[in-house]
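**Student:** Structural data only, the sequence is not supplied:
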């Protein structure tokens, strides 16, 4: 009987996929198809949990099959991240788009990412105090105890000094970094690509024929890579459907209800920080409403998938084709944003936990010296946070251990971690896109005609 139910569930998902494909054939816009997948996934997941229960073997097996679509899609995106980053940045040098500005562009992007992370930390502190959150109010069950043990084991892996973090960004073995082995692998690939680009400029002056041949090879590889990205992104509505179905079907709503105050405070902080992104764009002379309309599909996928790295191809493509950001700047902003200055995971979240943990260590979280120290520590600790699910845990451990606060609080929130991580990831991606926009505006490289919609995007998905 259970096998029959699983087959029925699989058939239903396939029917939804066929329906989304039919919308594509009718030339329904990409963003509408993504939101359709999102909405169907939410409703379908809730129905599955209502019918079977979260602990049902039928549901677990069903979700295992659904992961072929959902997790499979995320893996395809992750597959193309390193080639996209490497080829796009080298291509920007061969086309002379970054030749004279690479230092200025990198400095601006890093400054914006770290600066907005500091602002996110301040907002997280304010939200925690406004909702009167206290770590002593959190309950510890079996799942929480197991999580605390895992957290304590991880602590030794993340306790590093700032100089050590800076060194970890460098590519000791570029081929290892191409595999994404380290949390900072993406940044290492960016640096390696920049070295190749600078070397190309030197060869172009001395041996223009060799440089021209290399440029043609890179241009061909770039065209091929972008075609692969386009093919994968066409699967977005189906991936979002499967991922969202899994999220809503397997969430522990009782635990979410018990920790509802923390969840609400977290999302208030995340939403306020997103508004800060919009205000920064408005101050730069860019219409924030236009920004919201164009990035919603990207943020929706980041929200459902909980992976900044997996969102990178869609992030870069949207920056270049919808927002008018030059490809080189878009890749720098998107890539740096995976490991440095994540507003949600490395900014808001660690700051909130630190304020909640402070009373447990006999520290008054309202003390100005504590608040200023916390903001500074959060900003500096934001270097090297992995752009995948779980990066916020490492960021929180770094901040709490640096301030000598109890780290066990990280494990007490395991039941609502996935729900909050969805919003954090979307904010991370928005932060990197905002950095790309502000940087290209400051360097006068932004194609405002594309941003304001007076010039058509070059490619549609």
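**Tutor:** Happy to help now that I have it. The structure presented is a predicted model; accordingly, all values stated were derived computationally and were not measured.
**Student:** Could you look up the SS state of residue 132?
**Tutor:** coil (DSSP: H, G, I helix; E, B strand; the rest coil).
**Student:** What is the neighbour count of it?
**Tutor:** 9 (other CB atoms under 10 Å). (Glycine included, C-beta is placed from N, CA and C.)
**Student:** how close does residue 213 sit to residue 204?
**Tutor:** Computed as CB to CB, to the nearest Å, the residue 213 to residue 204 distance reads 11 Å.
**Student:** The closest residue to residue 379 other than its chain neighbours: what's it in contact with?
**Tutor:** Spatially, and ignoring its direct neighbours in sequence, residue 379 is nearest to residue 118 (4.2 Å; CB to CB, 6 or more residues apart in numbering). Going by CB atoms under 8 Å, 6 or more residues apart in numbering, residue 118 touches 347, 375, 376, 378, 379.
**Student:** and the fourth one, what pLDDT?
**Tutor:** At residue 378 the predicted local confidence, pLDDT, stands at 89.
**Student:** Against which helices or strands is the host helix or strand of it packed?
**Tutor:** Using DSSP states H and E, residue 378 sits within helix 368-381. Using 3 or more CB pairs under 8 Å, 6 or more residues apart in numbering; DSSP states H and E, the elements in contact with helix 368-381 are helix 102-130, helix 349-357, helix 391-402.
**Student:** Find the residue ranges of the stretch 1-150 of the chain scoring beneath the pLDDT cut-off.
**Tutor:** Filtered on pLDDT under 70, the stretch 1-150 of the chain yields the residue ranges 1, 96-100, 135-150.
**Student:** Kindly recompute the last result at 90.
**Tutor:** For the stretch 1-150 of the chain, residues meeting the criterion pLDDT under 90 lie at 1-5, 27-32, 34-35, 52-56, 74, 77-82, 84-107, 110, 132-150.
**Student:** any idea where the strands of the stretch 251-400 of the chain begin and end?
**Tutor:** Ranges of strands within the stretch 251-400 of the chain: none, based on DSSP state E, counting those that start in this stretch.
**Student:** the helices in it, which residues?
**Tutor:** 253-258, 260-283, 288-305, 308-321, 327-339, 349-357, 368-381, 391-402 (DSSP state H, counting those that start in this stretch).
**Student:** re the thing from before, residue 213 and residue 204: which has the busier surroundings?
**Tutor:** Per other CB under 10 Å, whichever of residue 213 and residue 204 has more neighbours is residue 204, with 19 against 11.
**Student:** Throw the helices and strands packed on helix 368-381 into JSON lines and include distance to residue 448, thanks.
**Tutor:** Shown next, in JSON lines, are the helices and strands packed on helix 368-381 (distance: least, CB to CB, whole Å):
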{"stretch": "helix 102-130", "distance to residue 448": "18"}
{"stretch": "helix 349-357", "distance to residue 448": "34"}
{"stretch": "helix 391-402", "distance to residue 448": "33"}
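**Student:** Need the winner for burial among those helices.
**Tutor:** Comparing the helices and strands packed on helix 368-381 by mean neighbour count (mean count of other CB atoms under 10 Å), helix 349-357 ranks first with a mean of 29.
**Student:** Between helix 368-381 and that one, find me the angle.
**Tutor:** Orientation check (axes from the mean of the first three to the mean of the last three CA atoms, to 10 degrees): helix 349-357 against helix 368-381 gives 150 degrees.
**Student:** Quick one: mean pLDDT over helix 349-357.
**Tutor:** Here the average pLDDT along helix 349-357 is 91.
**Student:** tell me the angle of it relative to helix 260-283?
**Tutor:** Using the same axes, to 10 degrees: helix 349-357 against helix 260-283 is 140 degrees.
**Student:** just checking, what packs against helix 349-357?
**Tutor:** Using 3+ CB pairs under 8 Å, 6+ apart, helix 349-357 sits against helix 102-130, helix 260-283, helix 368-381, helix 391-402.
**Student:** tilt between the last one and helix 368-381?
**Tutor:** Using the same axes, to 10 degrees, the direction of helix 391-402 lies 130 degrees away from that of helix 368-381.
**Student:** Run through the neighbouring helices and strands of helix 391-402.
**Tutor:** helix 142-158, helix 349-357, helix 368-381, helix 417-442.
**Student:** Same list, those, but as a markdown table with distance to residue 194 please.
**Tutor:** Formatted as a markdown table, these follow (distance: least, CB to CB, whole Å):
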| stretch | distance to residue 194 |
| --- | --- |
| helix 142-158 | 27 |
| helix 349-357 | 29 |
| helix 368-381 | 23 |
| helix 417-442 | 15 |
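**Student:** just those: most buried one?
**Tutor:** The highest mean neighbour count among the helices and strands packed on helix 391-402, using mean count of other CB under 10 Å, belongs to helix 349-357: a mean of 29.
**Student:** Of all the helices of the stretch 251-400 of the chain, which one is nearest residue 217?
**Tutor:** The closest of the helices of the stretch 251-400 of the chain to residue 217 is helix 327-339. By CB to CB, the value is 17.4 Å.
**Student:** That closest one packs against which elements?
**Tutor:** Looks like helix 327-339 contacts helix 57-94, helix 102-130, helix 185-206, helix 308-321, helix 417-442 (3+ CB pairs under 8 Å, 6+ apart).
**Student:** Centre of the chain to the fourth one, how far?
**Tutor:** Here the centre of helix 308-321 is set off from its chain's centre by 10 Å, with CA atoms, centre = their mean, to the nearest Å.
**Student:** for stretch 282-295, same thing?
**Tutor:** 20 Å.
**Student:** That stretch spans what distance, first to last residue?
**Tutor:** Start to finish, the residues bounding stretch 282-295 are 16 Å apart (CA to CA, to the nearest Å).
**Student:** next one: stretch 254-263
**Tutor:** Stretch 254-263: ends 13 Å apart by CA to CA.
**Student:** My guess is residue 252 contacts residue 415. True?
**Tutor:** Yes - at 5.4 Å, residue 252 counts as touching residue 415 under the criterion of CB atoms under 8 Å.
**Student:** on that earlier part again, reformat the helices of the stretch 251-400 of the chain into CSV and put distance to residue 20 next to each item.
**Tutor:** Below are those laid out as CSV (distance: least, CB to CB, whole Å):
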stretch, distance to residue 20
helix 253-258, 27
helix 260-283, 27
helix 288-305, 14
helix 308-321, 17
helix 327-339, 26
helix 349-357, 33
helix 368-381, 40
helix 391-402, 30
